[in-house]
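1. Sequence plus the predicted model coming up.
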Amino acid sequence: MNPMEDIKQTVKAYILKEFLPGENPAELVDSTPLITGGILDSIATLKLVTFVEEKYGLTLQAHEVDVEHLNTISDISRLIQSKL
């Protein structure tokens, strides 16, 4: 598995465990809208940011904690990859 796929799988597993317990994992795809789709509210988004920062040892800037960077698993993975 390439690093981008590893990141996507890690982020997906976290979202399923924390915010979608009991949901069918197959329904959460890389392009599922997390914020605009109502899966992540502001508190959930902050929890996700904290997880990403701790897991990957990086710091997200305030302007990166928004719909443009965190709305899908693909968006989140690209953001993480750009900071590694």
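-> Sure thing, it's come through.
2. If we go by neighbour counts, what in the host helix or strand of residue 82 is buried?
-> Following DSSP states H and E, one finds residue 82 within helix 73-83. Buried residues in helix 73-83, counted by 16 or more other CB atoms under 10 Å: 73-77, 79-80. Quick note: C-beta positions are derived from backbone N, CA and C, even for glycine.
3. Stretch 45-56 now?
-> Buried-residue list, stretch 45-56, by 16+ other CB under 10 Å: 45, 47-49, 52, 56.
4. And the pLDDT for residue 55?
-> pLDDT, residue 55: 98.
5. what's the angle from the longest helix along the chain to helix 73-83?
-> Ranked by residue count and defined by DSSP state H, the top helix of the chain is helix 3-19. Angular relation of helix 3-19 and helix 73-83 on a 0 to 180 degree scale: 120 degrees, by axes from the mean of the first three to the mean of the last three CA atoms, to 10 degrees.
6. Check which helices and strands helix 3-19 sits against.
-> helix 42-56, helix 73-83 (3 or more CB pairs under 8 Å, 6 or more residues apart in numbering; DSSP states H and E).
7. now that helix and helix 42-56, what's the angle there?
-> 140 degrees.
8. ok, and for helix 3-19, which residues are buried?
-> Quick answer for helix 3-19 (16+ other CB under 10 Å): 7-8, 10-12, 14-16, 19.
9. which among the residues you listed gets closest to residue 39?
-> residue 19 (5.9 Å; CB to CB).
10. quick revisit: looking at the buried residues of helix 3-19, spot the one nearest residue 84.
-> Distances from residue 84 to these, taken by CB to CB, are shortest for residue 7, at 8.5 Å.
11. Chain neighbours aside, what residue packs nearest to that closest one?
-> residue 77 (4.4 Å; CB to CB, 6 or more residues apart in numbering).
12. Distance check, the one you found against residue 15.
-> Going from residue 77 to residue 15 by CB to CB, to the nearest Å gives 12 Å.
13. got it, and residue 61?
-> 21 Å.
14. Same question for residue 72.
-> Taken as CB to CB, the span from residue 72 to residue 15 is 11 Å.
15. what residues are shared contacts of the two?
-> Listed as contacting both residue 72 and residue 15 by CB atoms under 8 Å, 6 or more residues apart in numbering are residue 34.
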